[in-house]
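**Q** no sequence on this one, just coordinates:
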């Protein structure tokens, strides 16, 4: 029997390394996994040291169950607050995976069609009016399906589609359709006017200075939309992933559509499905999320 192993990693820039939290689901034996875990941690420590990363949070899912969580380093260097499994991060383009799920839910709930032109739902400039929802989800809209071109700007248009079809703000939609049903209690749809220091367990962003030391970075003023803006933890994203495995959010058929690589107008197989990258490595199917974290 082949075990499915999923690793969720959140990294925020710069140096300092120290382990903080170690949890293993004791209902499962780790005798055949302990060496792999040690090797994984060794590689991760080396990566943190070389790239001068101040903090990392990790969750590992094995056979649809949370198996391991751990935080490394600091989520706030100045205050010496260590990173943990409950540390909140801006998850960037991983937000797109939540958007994709909401769009797929609307196929059954509201009769939305992936081949609909976006102009059916919102008014746009003429050069964008003929692109389809599927082209936006697969990042082929820039060239009307001819080639892959990753565009957060165009993906953001799905904000208005979700709001138009559901009759709710995108904030209310993601809360009612994903966050609340999965009890993702530490996931937030953006800052909602709060200062980063007012959000409990929030990781502080850093950049690497010319002297090789961590410098506190400006927090981007991001409003939650279809492309980015969600705040979450590895523990909550583990809930999201397990729900995906168990088809709690969408059916197996719709999930298969998401994870099927798109094709360009020239019939070239692309490294992207709908909202997720879909690739292979040594005969293993990898489904990395966009840019910021990986589900492996």
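**A** Thanks, I have it. Remember, it's a predicted structure, so these values are computed and weren't measured experimentally. Residues are numbered from 1 along each chain as shown.

**Q** Check which residues of the longest helix anywhere in the chain are buried.
**A** Criterion DSSP state H: the longest helix present in the chain is helix 34-51. Residues of helix 34-51 classed as buried by neighbour count (16 or more other C-beta atoms under 10 Å): 41, 44, 48. Placement of C-beta: from N, CA and C, glycine included.

**Q** And stretch 123-134, by the same measure?
**A** Buried residues in stretch 123-134 (16+ other C-beta under 10 Å): 128, 131-134.

**Q** Which ones among the residues you listed lie within helices?
**A** 133-134.

**Q** of the buried residues of stretch 123-134, closest to residue 76?
**A** residue 133 (40.1 Å; C-beta to C-beta).

**Q** so where do the strands sit in the stretch 1-150 of the chain?
**A** Secondary structure of the stretch 1-150 of the chain by DSSP state E, counting those that start in this stretch: the strands cover 5-12, 23-24, 55-62, 65-76, 81-82, 89-90.

**Q** what's the closest of those strands to residue 273?
**A** Of those, nearest to residue 273 by C-beta to C-beta is strand 5-12, at 16.6 Å.

**Q** follow-up on the earlier one: columns distance to residue 88 on top of the buried residues of helix 34-51, output as a markdown table?
**A** Shown next, in a markdown table, are the buried residues of helix 34-51 (distance: C-beta to C-beta, whole Å):
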| residue | distance to residue 88 |
| --- | --- |
| 41 | 23 |
| 44 | 20 |
| 48 | 19 |
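
**Q** Format those residues as JSON lines; extra columns: distance to residue 249 and pLDDT.
**A** Below are these laid out as JSON lines (distance: C-beta to C-beta, whole Å; pLDDT from 0 to 100):
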{"residue": "41", "distance to residue 249": "31", "pLDDT": "88"}
{"residue": "44", "distance to residue 249": "29", "pLDDT": "89"}
{"residue": "48", "distance to residue 249": "33", "pLDDT": "86"}
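
**Q** Would you mind confirming that residue 112 is in contact with residue 162?
**A** No. Residue 112 lies out of contact with residue 162 (C-beta atoms under 8 Å); the separation is 9.6 Å.

**Q** These two: which has the busier surroundings?
**A** Shown here are residue 112 and residue 162; by other C-beta atoms under 10 Å, residue 162 has more neighbours (24 against 19).

**Q** what sits up against the helix or strand encompassing that one?
**A** According to DSSP states H and E, residue 162 maps onto helix 158-166. For helix 158-166, contacts defined as C-beta atoms under 8 Å, 6 or more residues apart in numbering pick out 99, 102-103, 106, 110, 112, 118, 121-122, 133, 136-137, 168-170, 173, 225-227.

**Q** next one: stretch 88-99
**A** Against stretch 88-99 from outside (C-beta under 8 Å, 6+ apart): 10, 12, 57, 152, 155, 158, 162, 174, 178, 186, 188, 199-203, 205, 220, 222, 224-233, 237, 240, 275-276, 289-293.

**Q** Are any of these buried, and if so which?
**A** 10, 12, 57, 152, 155, 158, 162, 174, 178, 186, 188, 201-203, 205, 222, 224-233, 237, 240, 275-276, 289-290, 292-293.

**Q** how many other residues sit next to the spatially closest residue to residue 264 that is not a sequence neighbour?
**A** Spatial nearest neighbour of residue 264, excluding adjacent residues (C-beta to C-beta, 6 or more residues apart in numbering): residue 147 at 5.1 Å. Counted with other C-beta under 10 Å, residues neighbouring residue 147 total 14.
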